[in-house]
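J.: have a look at this fold, sequence not included:
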């Protein structure tokens, strides 16, 4: 399980590298990927960008669809495999290890929902303030799920290391 976690972590790194390499072709707006990495923007900023008809909208979509989806799958799998690998080495965690996959799967699901919301707005080239709020909530949910998954994996790894 440990080697599987390492494999998926390396794959996530490769997906991140590939996403950044592709994003560089489309300018700073796409490279910053602001709509996925922050909840601190005004509704008008996102609405103005998505309705602008800018080439960066299509560039963002070309990064989001293949690369971010690969990244979320690989990172979620790495966190789940890492948690399971640490739990395997702990004798007191025998049954019900599948529960350790809940937080990583929740992260992957939240990131997928966020990506779908972004892709839908970019395809429609329109957004309302209510839709922007929904996108912000999805981004915040992704951050919370990621924090839970990372904290769980790190805590289990430390426990296994010092046990």
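T.: Yes, it's here. Model, not experiment: these values are computed from the prediction.

J.: so where do the helices sit in the protein?
T.: Listed in chain order, the helices found in the chain under DSSP state H are 2-24, 28-32, 34-37, 43-51, 55-63, 69-89, 102-124, 129-162.

J.: with distance to residue 95 and mean neighbour count as extra columns, can I get the ones you listed in a markdown table?
T.: Heads up, the C-betas are built off the backbone N, CA and C, glycines and all. Shown next, in a markdown table, are the helices of the chain (distance: least, C-beta to C-beta, whole Å; neighbours: other C-beta atoms under 10 Å):
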| stretch | distance to residue 95 | mean neighbour count |
| --- | --- | --- |
| helix 2-24 | 20 | 16 |
| helix 28-32 | 45 | 16 |
| helix 34-37 | 37 | 17 |
| helix 43-51 | 46 | 16 |
| helix 55-63 | 42 | 18 |
| helix 69-89 | 11 | 22 |
| helix 102-124 | 15 | 19 |
| helix 129-162 | 16 | 16 |
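
J.: wait, what's in contact with residue 123?
T.: Residues near residue 123 by C-beta atoms under 8 Å, 6 or more residues apart in numbering: residue 61.

J.: what's the closest of the helices of the chain to residue 96?
T.: Closest approach to residue 96 among the helices of the chain (C-beta to C-beta): helix 69-89, 9.6 Å.

J.: so that closest one versus helix 2-24, what angle?
T.: Relative orientation of helix 69-89 versus helix 2-24 (axes from the mean of the first three to the mean of the last three C-alpha atoms, to 10 degrees): 160 degrees.

J.: per-residue confidence averaged over helix 69-89?
T.: What helix 69-89 shows for mean pLDDT is 94.

J.: do the same with stretch 144-159
T.: Stretch 144-159 shows a mean pLDDT of 97.

J.: check stretch 3-23 too.
T.: So the average pLDDT for stretch 3-23 ends up being 96.

J.: which ones are touching residue 68?
T.: Here residue 68 is in contact with 15, 19, 36, 111, 115 (criterion: C-beta under 8 Å, 6+ apart).

J.: let's see it at 10 Å
T.: Going by C-beta atoms under 10 Å, 6 or more residues apart in numbering, residue 68 touches 15-16, 19, 33, 36, 60, 111-112, 114-115, 118-119.

J.: same thing with residue 142?
T.: Per C-beta under 10 Å, 6+ apart, neighbours of residue 142: 36, 39, 72, 106-115.
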